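Engineer: I need the structure of the sequence given here:
(chains A and B)
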Amino acid sequence: MTDERTRRLHPGALVVATIRGARNLVAGVVALVVLAAQGHAGWALLGLLAGIIGALVLPWLRWWRFTYRVGTDALSIEEGLLHRLRRSVPLARIQDISIEQGVIARVLGFATVKVETGGGKADDVILDGVGLAEAHRLRGLLVPGGATATAGVETPVIEPVFAMGLGRVLLNGLLSFSLLLWIGAALDLSRRALDALEVDPIDLAGEGTSLTFALAGAGLVLVLLVGVAVGVVRALLRDHGFTLTHADGRFRCIRGLTPRRETVIVDRRIQLALVRRKLLARLLGYCAVDFQTLGGSDDPSGRQEVAPLARDDEAARVIAAAGLPPFSAEGLTRVDPRHGARLAIRQGAGITALILAAAWFEPRTLFLLLALPILYAQLRLSPRFHRYALRDGALHVAQGVVGRREWIVPSGSVQTVSLSRGPIQRLLGLVTVSPDTAGAQGMYRPRIVDVRLDAGQSLAALLLARDQAAGA
Amino acid sequence: MTLAILPLTPIEPAQKHVFRLRALGFWAAVSAAAIAGEYWFAELIPWHGMVAGPIGLVALWRVLWVPHRRWQRWGYAFTGSELHVVHGYWVETYTIVPIQRVQHLDVVQGPLERLFSLCTLVLHTAGSDANMVELPGLKRETADALRDAIRERIGSGDA
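Structural biologist: Numbering: from 1, shown residues only, chains lettered A, B, ... in the order given. Here you go, the predicted model:
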């Protein structure tokens, strides 16, 4: 790495930016001409001046302010007119470099270089416009060896880690329908049926309307049946012939009738395992397993379902194949018993206030208050099911009363640890411990909510101490 | 009792002026909108200041009182292998970033920060919720020194 000069981007990028600016200016000029025609020539001239500065001068200044330099240990970038940014990307962190060329760029002989650092897409560094030779020089400098990992073409016949037969797929379809959703849909449909018959449901009890009742009941049953059928068909299309194999450090998951999809999950991109136990499946002794993965150039990022409906021993086999320690509910530490009280205060108070506010306008909503004891019981029970432990080089977290979730987070995949607390927690001396991992999306994070402050502090320190031992 | 695991360094006192000016800009605009709204819809409001009054009080509180508190809650510690950052007035958050996990670093300076010669150090990790950890209110020398120390640590490390 000999050449450490500070460089600017290719002048061709300026041409593209100017063209883009001029295009925006055209629309503005039309508006200004109208303004001038109405006799506001002075304002129009001022607007034109501002437009020219915005569209033509600013890109030039921006180009002039943008410099980069490849040092011995980092790629440094400086940019910004008012809001100045100096970014340094350690060379050790650069994962990949992509070179792209648009039409104008091709004519003018420059390219856009994207530097991927393994963070999110938004974190990637973009050099919009360097000479083609410079782009290749950068690639040579920044990606030593240019590690080429090509996916294997061969598909040896191997014993699957997990597979679902037809019966299991159908059962999953039966279980996957959401009870609340279908009750809602059924109520809605029966109401429409009543509307169509021009019957007011309030009057139903009064007159001899056993026919309407029968119709509504039949409608409800029909909707439920259709709902279940739809769930089963969808499961069949999505999961038919579900097969998960593991070889050469990667999982291969093949599933679905049409389209038949194949997902590849590289072992070392697996950040954590999540075992989900929904109420119905749990009562029948089943669970689902997800892996959270960090995306690469070709790999998907986020949560990948690797076992939609599995017995406990099957789930354990999948988790073991990924090289993760097994989850065991035994020996976990409970969070503070006041966790339930805090949730009850926080969520219960809010929901009660909401219902009372609604009752102000519509007294009949008061019957929703009947549901509060159920919510309250669930919240009060939550500390019993929210447990954690740090063992076998991984953080184990269990959470949830009705639907339960269990996380296995190898300490090597913990990026940062945060302790946080709101006003109620401060009063009670409790904190929430949030280990942050790569590729997390959607709901459900392996947070430990409401442990005593000292326990939270020592857990955070321990998590990172293990991490440093694992990373060294 | 605080969340801090280590003794923390406070950020530069001038940062509270940055917080204050930012709050001033925002709340001046909101108050102006509230006052304009009251004149516009004067006939709909029983008495003057019914909307603008409370908003004005909140604005005063946010501009005069909160910036100092927010500044007080910020703190950091660099151990050589970890950066600890704490902040938050209503919800406190204490974040520990292992240097080995840092993907890249920014030193950022907005126009208001330039007025007081302050910088913000931003650590990017591969994480999801805390993938950007910001530490405002640093002198440029401090920010640069921290950045260089962290970069050196990553460069020499076996990450």
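Engineer: in the stretch 351-472 of chain A, mark out all the strands, start to finish.
Structural biologist: A:387-391, A:394-399, A:404-410, A:414-421, A:430-437, A:448-452 (DSSP state E, counting those that start in this stretch).
Engineer: what pLDDT does the residue of chain B most remote from its centre get?
Structural biologist: Here chain B reaches farthest from its C-alpha mean at B:Glu43, the gap being 40.8 Å by C-alpha atoms, centre = their mean. The model reports B:Glu43 with a pLDDT of 80.
Engineer: looking at the chain, which helix is longest?
Structural biologist: In the absence of a named chain, chain A is used. In chain A, taking DSSP state H as the definition, the longest helix is helix A:210-239.
Engineer: chain B is the one I meant
Structural biologist: helix B:15-40.
Engineer: helices or strands up against that one?
Structural biologist: Counting by 3 or more C-beta pairs under 8 Å, 6 or more residues apart in numbering or on different chains; DSSP states H and E, the packing neighbours recorded for helix B:15-40 are helix B:52-60, helix B:66-73, helix B:111-115, strand B:132-139. (C-beta placed from N, C-alpha, C; glycine too.)
Engineer: let's see that with 7 Å instead.
Structural biologist: helix B:52-60, helix B:66-73, helix B:111-115 (3 or more C-beta pairs under 7 Å, 6 or more residues apart in numbering or on different chains; DSSP states H and E).
Engineer: low-confidence ranges in chain B?
Structural biologist: B:1, B:156-159 (pLDDT under 70).
Engineer: who in it is up against chain A?
Structural biologist: B:1, B:3, B:5, B:81-82, B:90-98, B:100-101, B:103-111, B:124-131, B:133, B:147, B:151, B:154-155, B:158-159 (C-beta under 7 Å from any C-beta of the partner chain).
Engineer: just the ones of the residues you listed in helices?
Structural biologist: Counting by DSSP H, the residues of chain B next to chain A contribute B:111, B:147, B:151, B:154-155 to helices.
Engineer: what's across from A:Ile77 in the sheet?
Structural biologist: A:Tyr68, A:Arg87 (DSSP bridges).
Engineer: quick check: it touching A:Asp124?
Structural biologist: No. Using C-beta atoms under 7 Å, A:Ile77 is not in contact with A:Asp124; the gap is 11.9 Å.
Engineer: look at those two and report which has more neighbours.
Structural biologist: A:Ile77 (20 against 17; other C-beta atoms under 10 Å in any protein chain shown).
Engineer: could you report the pLDDT at the more buried one?
Structural biologist: On the pLDDT scale, A:Ile77 gets 90.
Engineer: and it, what is it in contact with?
Structural biologist: Applying C-beta atoms under 7 Å, 6 or more residues apart in numbering or on different chains, we find A:Ile77 in contact with A:68, A:87, A:125.
Engineer: now the strands of the stretch 351-472 of chain A in JSON lines, with mean pLDDT?
Structural biologist: As requested, the strands of the stretch 351-472 of chain A are exported to JSON lines (pLDDT from 0 to 100):
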{"stretch": "strand A:387-391", "mean pLDDT": "93"}
{"stretch": "strand A:394-399", "mean pLDDT": "94"}
{"stretch": "strand A:404-410", "mean pLDDT": "94"}
{"stretch": "strand A:414-421", "mean pLDDT": "94"}
{"stretch": "strand A:430-437", "mean pLDDT": "94"}
{"stretch": "strand A:448-452", "mean pLDDT": "95"}
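Engineer: redo those as a markdown table? Include distance to A:Arg137 and mean neighbour count.
Structural biologist: Formatted as a markdown table, the strands of the stretch 351-472 of chain A follow (distance: least, C-beta to C-beta, whole Å; neighbours: other C-beta atoms under 10 Å in any protein chain shown):
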| stretch | distance to A:Arg137 | mean neighbour count |
| --- | --- | --- |
| strand A:387-391 | 46 | 18 |
| strand A:394-399 | 43 | 24 |
| strand A:404-410 | 38 | 22 |
| strand A:414-421 | 32 | 25 |
| strand A:430-437 | 35 | 24 |
| strand A:448-452 | 48 | 22 |
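Engineer: turn the ones you listed into a markdown table, including distance to B:Ser117.
Structural biologist: Listed next are those as a markdown table, based on distance: least, C-beta to C-beta, whole Å:
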| stretch | distance to B:Ser117 |
| --- | --- |
| strand A:387-391 | 43 |
| strand A:394-399 | 42 |
| strand A:404-410 | 42 |
| strand A:414-421 | 29 |
| strand A:430-437 | 32 |
| strand A:448-452 | 41 |
